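Colleague: Would you be able to build a 3D model of this:
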Amino acid sequence: MNLQHLKYMTEVERTGSVTKAAANLFMGQPNLSKAIKEVENEIGITVFRRSAKGVYPTPEGERFLSRAKAVLEEMGKLEALYKQDNVPELFTLCVPGAEYVPELLAELAQSLSVNIECVTAPFYLAAENVSEGICKIAAVRCPDDCRDFFAALINEKNLRSEQLFSGKYKLTVSENSPISEKDDLPPEALSELIRITSGDDFKSGSPTEKRIVLRNGSDPFELLSLIPEAYMLAAPVPESRLKKYGLVQREIQGGGGFADCLITPSGYKPDEYTAAFVRCLKNVINKNI
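Modeller: Next up, the predicted model:
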């Protein structure tokens with residue numbers, strides 16, 4: 001007896017006729033009758049009674065058919081789960097609002113033949129996503145003045161962190177900015193300008209300064225190029241990208257620093273996708289620092 005036999009039996013019950021069932025199953029009526037008899041001999045019960053009006057299940061047959069339909073239903077669920085031929089797998093990852101993210105995604109897309117969902121989030125939301133299983137892995141950027149908070153969060157969420165690199169923020173402005181030619185400026189020299197920030201550095205800076213806070217993955221470099229009176233404290237950016245947007249970077253006093261890290265669950269074991277993500281991430285970072 002196999003699954004095909006169970007399909008035969010349930011179709012006979014559904015139609016109440018061996019002849020109709022055979023037609024629906026695209027097989028001859030004698031062959032279907034033979035298959036039913038073989039199953040009945042194998043399980044030792046009579047499943048169907050014959051009458052002038054067709055066939056109907058015996059009490060033992062009803063119990064058998066009930067279980068047969070349950071088996072076929074579970075098999076259908078199993079096939080639907082693992083035979084999604086036209087639905088590519090989805091790899092969800094978290095990244096910071098970092099300057100290397102577009103290059104990272106371009107390289108990752110060439111390495112994996114799956115759909116990629118990229119969530120741009122500050123480190124505290126990325127930790128939540130990894131902790132809750134929304135993402136298996138996340139790259140985050142933690143400002144120096146948030147290190148203690150970050151360490152406590154990693155411990156609280158039972159996560160692991162690996163530092164990839166650290167650096168100092170640079171003053172990033174438009175070529176047309178009134179301070180574009182000045183270097184090693186003190187923080188007070190920026191008091192009349194608009195600061196562009198992301199959610200990653202939500203604790204940094206003066207609470208009275210004028211800000212534009214980007215929390216949805218918007219490109220801050222394009223915004224800087226449109227507002228000469230704005231500035232951003234950013235990690236070192238490749239010269240080619242600065243030229244693309246007409247920006248310059250300068251040293252600044254007391255600008256602070258940052259660390260880019262990987263965060264994973266405590267029992268993390270790399271799979272094909274996360275391993276490719278880490279490989280591409282480290283490769284892109286090494287090319288940009």
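
Colleague: hey, let's count contacts and neighbours off CA atoms from now on
Modeller: Will do.

Colleague: got a pLDDT number for A22?
Modeller: As predicted, A22 sits at a pLDDT of 89.

Colleague: The helix of greatest length in the chain: how far from the chain's middle?
Modeller: Ranked by residue count and defined by DSSP state H, the top helix of the chain is helix 59-82. From the chain centre to the centre of helix 59-82 is a distance of 34 Å (Cα atoms, centre = their mean, to the nearest Å).

Colleague: Now do the same for it: mean pLDDT, whole number.
Modeller: Across helix 59-82, pLDDT averages out at 84.

Colleague: Summarise which helices and strands that helix is packed against.
Modeller: helix 3-15 (3 or more Cα pairs under 8 Å, 6 or more residues apart in numbering; DSSP states H and E).

Colleague: now for the helix it packs on, which elements pack on it?
Modeller: Against helix 3-15 (3+ Cα pairs under 8 Å, 6+ apart) you get helix 18-24, helix 29-43, strand 54-57, helix 59-82.

Colleague: and N2, how many neighbours?
Modeller: 7 (other Cα atoms under 10 Å).

Colleague: Quick check: it vs P59, distance?
Modeller: Here N2 is placed at a distance of 22 Å from P59 (Cα to Cα, to the nearest Å).

Colleague: and what of L112?
Modeller: 55 Å.

Colleague: quick one, strands of the stretch 51-200 of the chain?
Modeller: Assigned by DSSP state E, counting those that start in this stretch, the stretch 51-200 of the chain shows strands spanning 54-57, 90-95, 115-120, 138-143, 159-168, 170-174, 194-198.

Colleague: Reformat these as CSV; add distance to L105 and mean neighbour count.
Modeller: Formatted as CSV, the strands of the stretch 51-200 of the chain follow (distance: least, Cα to Cα, whole Å; neighbours: other Cα atoms under 10 Å):
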stretch, distance to L105, mean neighbour count
strand 54-57, 60, 18
strand 90-95, 10, 20
strand 115-120, 8, 17
strand 138-143, 12, 26
strand 159-168, 17, 16
strand 170-174, 23, 26
strand 194-198, 19, 20
